[in-house]
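In: Got a predicted structure here, sequence first:
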Amino acid sequence: MTTQNNDNENISDGIEEELLEESRSTGDETEAEQVSDDPVDMLAAAQMEAVEARQDMLRMQADMENLRKRLVREQEKARRRTLERFMGDLLPVRDSLERGLEAASDPAASVEALREGKELIMKMLTKVMGDHGLQTIDPSGEAFDPEKHEAMTMLPSPDHDENTVIDVLEKGYQLHDRLIRPAKVVVSRKP
């Protein structure tokens, strides 16, 4: 009987080996069967995956850093181009101011001619600033707006409604809807 049991075991072992060889030759193994059950092999495979993942992460970090640096360079170039364009537009105003100073040093220059020259220069400067999006805030007679105006003082006024701008001490400016400098104003209050 023991001989018969041994024969049965040998037969079943032989069948298992044949089935295993068949599956290897046909390529029906799954990945789980391909990976050895040996813990050392599993550890080595996990370490390889970790090394690859770390290398991928380092490559991504380097790419992100390069992208950040490129964006900073491009932003700086754009800022310089904008500033160069603005300065180029201001140069004619500066030239006119120089000519005006030279004309003022001439003893034959009239006050009226100097005043007209200053008015032309002011128009040029206002146009250049307007072309670049600068708007003047001159709120005389308007209701006081703390978002755009800075109240320097309040005066009683029977001629104006309460919280109305009576006088503008210094005009304000905004650039593309962003306040650069609030208008400094005198505001009315009830007598």
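Out: Yes, it's here. Note that the structure is a prediction, hence the values are computed from the model and not measured.

In: tell me which element the residue nearest in space to the middle of the chain falls in.
Out: Closest to where the C-alpha atoms of the chain average out (Cα atoms, centre = their mean) is Gln75, at 8.5 Å. Applying DSSP states H and E as the criterion places Gln75 in helix 39-104.

In: got a pLDDT number for Asp177?
Out: pLDDT, Asp177: 88.

In: Around it, how many other residues sit close by?
Out: Residue neighbour count, defined by other Cβ atoms under 10 Å, stands at 7 for Asp177. C-betas here are computed from N, CA, C, even on glycine.

In: Contact partners for it?
Out: Contacts here follow Cβ atoms under 8 Å, 6 or more residues apart in numbering; on that basis Asp177 touches nothing.

In: do you know how far it is from Asp106?
Out: In this view, Asp177 and Asp106 are 44 Å apart by Cβ to Cβ, to the nearest Å.

In: repeat for Asp56
Out: Asp56 sits 76 Å away from Asp106, going by Cβ to Cβ.

In: and the helix holding Gln75, how far from the chain's centre?
Out: Here the centre of helix 39-104 is set off from its chain's centre by 11 Å, with Cα atoms, centre = their mean, to the nearest Å.

In: Now that helix: average pLDDT?
Out: For helix 39-104, mean pLDDT is 94.
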